[in-house]
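A.B. asks: Just to be clear, the model below is a prediction. Sequence and coordinates:
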Amino acid sequence: MAGAWSVTALAAGISEDDLAAHVAAHYRLAVADLSSADPHARKLLPARLAHKLQVVPLRYTDRWLWVATSDPVAMEAERELAHVSARAIHFEVASPLALAATLHTMYPSSGASHHEIP
């Protein structure tokens, strides 16, 4: 998916972050603020799943989990995230490049990730 974003952004003459804003507006979703992700939200998703789906958990309540994604229409991903987190999923949009950088920071490869349902 990252390649498609890069090609589309380049063809449109905009940055990948600007493309994320256009995608978010199209689907009437928010643009994800990856810098404000709640560090406790990462405990709801195992690192392997977050990397597989290229999603970043942003914040949560007892019923909802907000997740940054570059594919806001991925219904199977939404179902899997809801199952694992035991919460309804609300997507926000970010570019694949921004998601990859945040995932690298949020889930360091050297440490084991705990999956908890708070």
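C.D. replies: Right, received. Where do you want to start? Residues are numbered from 1 along each chain as shown.
A.B. asks: what stretches of the protein score poorly on pLDDT?
C.D. replies: For the chain, residues meeting the criterion pLDDT under 70 lie at 1-2, 110-118.
A.B. asks: Hmm, Ala50 is touching Pro57, no?
C.D. replies: Yes: between Ala50 and Pro57 there is a contact under CB atoms under 8 Å: 7.1 Å. Quick note: C-beta positions are derived from backbone N, CA and C, even for glycine.
A.B. asks: Need the overlap of contacts for those two.
C.D. replies: Listed as contacting both Ala50 and Pro57 by CB atoms under 8 Å, 6 or more residues apart in numbering are Arg42.
A.B. asks: quick one, helices of the protein?
C.D. replies: Here the chain has its helices, by DSSP state H, at 2-12, 16-26, 47-53, 75-85, 96-106.
A.B. asks: Let me have those in JSON lines, extended by distance to Asp62 and mean neighbour count.
C.D. replies: Shown next, in JSON lines, are these (distance: least, CB to CB, whole Å; neighbours: other CB atoms under 10 Å):
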{"stretch": "helix 2-12", "distance to Asp62": "33", "mean neighbour count": "13"}
{"stretch": "helix 16-26", "distance to Asp62": "26", "mean neighbour count": "17"}
{"stretch": "helix 47-53", "distance to Asp62": "20", "mean neighbour count": "17"}
{"stretch": "helix 75-85", "distance to Asp62": "11", "mean neighbour count": "16"}
{"stretch": "helix 96-106", "distance to Asp62": "22", "mean neighbour count": "17"}
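A.B. asks: Nearest to Pro39 among those helices would be which one?
C.D. replies: Closest approach to Pro39 among the helices of the chain is made by helix 96-106 (7.9 Å; CB to CB).
A.B. asks: helices or strands up against that closest one?
C.D. replies: helix 2-12, helix 16-26, helix 47-53, strand 56-60, strand 64-69 (3 or more CB pairs under 8 Å, 6 or more residues apart in numbering; DSSP states H and E).
A.B. asks: Tell me what angle it forms with strand 56-60.
C.D. replies: For helix 96-106 against strand 56-60, the angle between stretch directions is 70 degrees (axes from the mean of the first three to the mean of the last three CA atoms, to 10 degrees).
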